[in-house]
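S.K.: pasting the sequence and the predicted model now:
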Amino acid sequence: MKHIITVLLICSLMIPQLLIADEGMWLVHLIGAKTFAQMQKRGLKLSKEQLYDINKSSIKDAIAIFGGGCTSEMVSAQGLLFTNHHCGYDAIAAASSVEHNYLKDGFWAKSKDQEIPCPGLSVQFLIKIEDVTTAVNEKLKGLAPKLYTSKLPGILTEMQNAAQDGTPYEVRISAFFKGNQFLKFTYLRYKDVRLVGTPPESIGKFGGDTDNWEWPRHTGDFSIFRVYMSPDGNASEYNMANIPFVPKHVLPVSIKGL
């Protein structure tokens, strides 16, 4: 019995060490030196500035919010964008018809003239992230907890509107760390997005939600779009005169395989 108790005690002392894990999601501009050192130790070859920089092109300029919140990435200087098939699903369905069922058969534009406009679809690029905690706290200083909670949403909306009114940008202020920090996110939205290519649903949605959370996967879960801008380089609504968007940064695509 003593031996069993001793073994159990040793195991219990080891459990905290076994449970240590580096996980979670990090805001790129808040990655500390210790965390970044661990990322490099595990194989990261990029600098912090290559991940996020408001003055120079960085990976943040190649990543866009697609539609209502999906992730997408720019892969060419001609506005070509990749995202998941399920992210582009609604746009693909909207472009389909009885005669041209792109969900069932897939679609590949042979030229830019064949690309299909997607009304209502847009992508947003992050311009910068700013800490506005001091400004928010100043507006709420001295308020009782209940009043603080009731007034906070209105204060954030007021600050967002003040920051974006008269500009081409969209601003969102979000609370972090249970309301102890407030960050202002500035985005630029492009509303001329066109469908370039998609595999048939039997490939793009193979396995459905069941396989969506598994790895490795056997699914062609991708769709391709192109972002357009006005001839003078600004974000604009759909217009036949628009030209392919030129991103500040693109992700290089390797065809070497794994």
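M.R.: Right, received. Where do you want to start?
S.K.: G43: neighbour count?
M.R.: When neighbours are counted by other Cβ atoms under 10 Å, G43 registers 6. Just so you know, the C-beta spots here come from the backbone N, C-alpha and C atoms, and that holds for glycine as well.
S.K.: likewise P168?
M.R.: P168: 11 neighbours (other Cβ under 10 Å).
S.K.: kindly report the same for P200.
M.R.: 17.
S.K.: for H29, same thing?
M.R.: Neighbours around H29, by other Cβ under 10 Å: 16.
S.K.: and for K248?
M.R.: K248, neighbours per other Cβ under 10 Å, totals 12.
S.K.: OK, contacts around it?
M.R.: S57, D61, A62 (Cβ atoms under 8 Å, 6 or more residues apart in numbering).
S.K.: now, among the residues you listed, which is nearest to L44?
M.R.: If you rank the contacts of K248 by distance to L44 using Cβ to Cβ, A62 comes first, at 16.4 Å.
S.K.: related to what we said a few turns ago, inside helices: which ones of the contacts of K248?
M.R.: Judged by DSSP state H, the contacts of K248 include no members of helices.
S.K.: as CSV, those residues with neighbour count, distance to K41 and pLDDT would be great.
M.R.: Formatted as CSV, the contacts of K248 follow (neighbours: other Cβ atoms under 10 Å; distance: Cβ to Cβ, whole Å; pLDDT from 0 to 100):
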residue, neighbour count, distance to K41, pLDDT
S57, 13, 26, 93
D61, 19, 26, 96
A62, 19, 25, 97
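S.K.: just these now: which is nearest V136?
M.R.: D61 (27.2 Å).
S.K.: how much space between the closest one and Q50?
M.R.: The gap separating D61 from Q50 is 11 Å, by Cβ to Cβ, to the nearest Å.
S.K.: ok now stretch 134-147, how far from the chain's centre?
M.R.: 31 Å (Cα atoms, centre = their mean, to the nearest Å).
S.K.: what does that stretch rub up against?
M.R.: Y148, K151, L152, I155, L156, M159, I173, F182.
S.K.: flag every buried residue along it.
M.R.: For stretch 134-147, a neighbour-count test (16 or more other Cβ atoms under 10 Å) marks V136 as buried.
S.K.: please apply the same query to stretch 66-85.
M.R.: In stretch 66-85, counting by 16+ other Cβ under 10 Å, buried: 66-67, 72-76, 79-85.
S.K.: which helix or which strand is home to S236?
M.R.: In this structure, S236 is located outside every helix and strand according to DSSP states H and E.
S.K.: of the buried residues of stretch 66-85, which belong to helices?
M.R.: H85.
S.K.: in JSON lines, list the buried residues of stretch 66-85 along with pLDDT.
M.R.: Formatted as JSON lines, these follow (pLDDT from 0 to 100):
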{"residue": "F66", "pLDDT": "98"}
{"residue": "G67", "pLDDT": "96"}
{"residue": "S72", "pLDDT": "98"}
{"residue": "E73", "pLDDT": "98"}
{"residue": "M74", "pLDDT": "98"}
{"residue": "V75", "pLDDT": "97"}
{"residue": "S76", "pLDDT": "97"}
{"residue": "G79", "pLDDT": "98"}
{"residue": "L80", "pLDDT": "98"}
{"residue": "L81", "pLDDT": "98"}
{"residue": "F82", "pLDDT": "98"}
{"residue": "T83", "pLDDT": "98"}
{"residue": "N84", "pLDDT": "95"}
{"residue": "H85", "pLDDT": "96"}
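S.K.: tell me the centre residue of the chain?
M.R.: Computing the C-alpha centroid of the chain and ranking residues by Cα atoms, centre = their mean puts T71 first, at 3.8 Å.
S.K.: from the contacts of K248, which is closest to P199?
M.R.: Comparing every one of these with P199 (Cβ to Cβ), the shortest separation belongs to A62, at 22.9 Å.
S.K.: show me the contacts for the closest one.
M.R.: Neighbours of A62 in contact, by Cβ under 8 Å, 6+ apart: E73, M74, P247, K248, H249, V250, L251.
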